[in-house]
Every structure is written in structure tokens, then in C-alpha cells.
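In: Structure for the following, please:
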Amino acid sequence: MNLAFCASLIAFIIFLSVRIKRQSKLQQNNEKSFWERERQANSVRRKSLDNLDYISIPLESFPTHILQEDVEVMDCIGIIEHLTSQKIVNLTGYSNTDLKLEYGTANITVLTEYDQNYTLLVRTLQKWADILIAAGYVNEAAVLMEFAITTRTDISRTYYQLADYYVSRRESDRIQWLKDTANGLHSSNRNIIINRLKETYPDI
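Out: Below you'll find the model as predicted:
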């Protein structure tokens, strides 16, 4: 019994040792690959940003006339108004190394700013939509969320709330648009959103 236990223990230790070495080697290779890509990225010269998918905000179509007495709503409107004069690009899912390889190291600061503007935009739109929904202005909230979807937001609540909205209006066929948009996301939330929509609406 003791011999069998010792043999099993030795076998486990050997297995564990091999596994640790393998993981260590894999990590070393990943780090080596990362730093090689980073080295290449840092040598890329500045490239034109003209082909970026810049986002224009259709402020005139937003429900800015509703709940003007609400401080949070007015704060959201103020943020959106400010963003209309800024450059906005959805770069969700792209690392700094990816961006430097594509557009050059010299552009990383401005690209980060564009992406931060995007993050602020979609978060503000969802916050505004949540307030409108809570106050009973569901149709108006849908306008904000639909615009966010056209920019390929990866905020899951935007997709789920719009799906519920379409069902309530007997427009379930539009859920396919949400699924298709989510399927094209370059984001870690992609599969989460798709799976939730498929599970909730399997026949659409």
C-alpha cells in the first residue's frame, strides 16, 4: 500500500514538474512574441488616420427636450454636446501594440484619445437611456441605444434592453440585427452578448 502510494506520489510530482516546465516555456514564448511585436511596432512610422471610421453624433435626433429638470440627464446631454466637437473612433479590442503596428507609434496618444472619447460616448448614452427608461420614456431611450448599436458598442445592457424593447413592440425580427452586430464585435464581450441573445431568443 505504501509502495503504491509512493509510486503514485512520484508519478504526480513528475507530471506536475513537466506541466510547470511546459507552462513556463509557453509563457516565455508568449513574452518573447509580445516584445518582438512591440519592438516592431515601435519602429513603425506615423501613418495617415484618414481611413479611420470616425463617428458623428446626430444630436438633433436625440431627446434633449425630455427631463431637462433632471440633473443627471442634463449632465449626460452636456457630455454628448462636448463630444460632438471631438474626434471619436471605436477601437475597442485593439491593443496599443496593434494600433502602433497599424498607424505608427507617433499616433498612439491621439488614437487613445479618440478611443477614450468613444468609451465616454457609449457609457453616457446608456446612462441617459437608463434614466429615460426608469421615467417611462422607453421610445426615446431606444433612439439612444440604437445609435450606440450602430457604433458597435460592446455594452451588453444596450443589446438586452433593445431586444426587450423590440419584443414589447412586436418587432422581434429586429433582434437579428442585434445578433449580427454583436457577431461583428472586436471585443471580449462578443460571445457573452451573442450567447445571451441566442438563449433568450432561440427562434429569432
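
In: three-state assignment of the residue sitting nearest the centre point of the chain?
Out: For the chain, the residue nearest the mean C-alpha position is Asp154 (3.6 Å; Cα atoms, centre = their mean). Under DSSP: H, G, I helix; E, B strand; the rest coil, Asp154 falls in the coil class.

In: Does it touch Ile193 like I think?
Out: Yes. At 7.2 Å, Asp154 counts as touching Ile193 under the criterion of Cβ atoms under 8 Å. The way it works is simple: take the backbone N, C-alpha and C, and place the C-beta from them, glycine included.

In: Pull up the overlap in contacts between these two.
Out: Common neighbours of Asp154 and Ile193, using Cβ atoms under 8 Å, 6 or more residues apart in numbering, are Leu185.

In: Mind checking the pLDDT average for the helix or strand where Tyr114 lies?
Out: Per DSSP states H and E, Tyr114 falls inside helix 108-134. Within the predicted structure, the mean pLDDT of helix 108-134 is 97.

In: Over to stretch 74-89?
Out: Per-residue pLDDT values over stretch 74-89 give a mean of 98.

In: re the thing from before, chain center to the helix holding Tyr114: distance?
Out: 11 Å (Cα atoms, centre = their mean, to the nearest Å).

In: cool, and stretch 94-107?
Out: So, by Cα atoms, centre = their mean, the centroid of stretch 94-107 is 18 Å from its chain's centroid.
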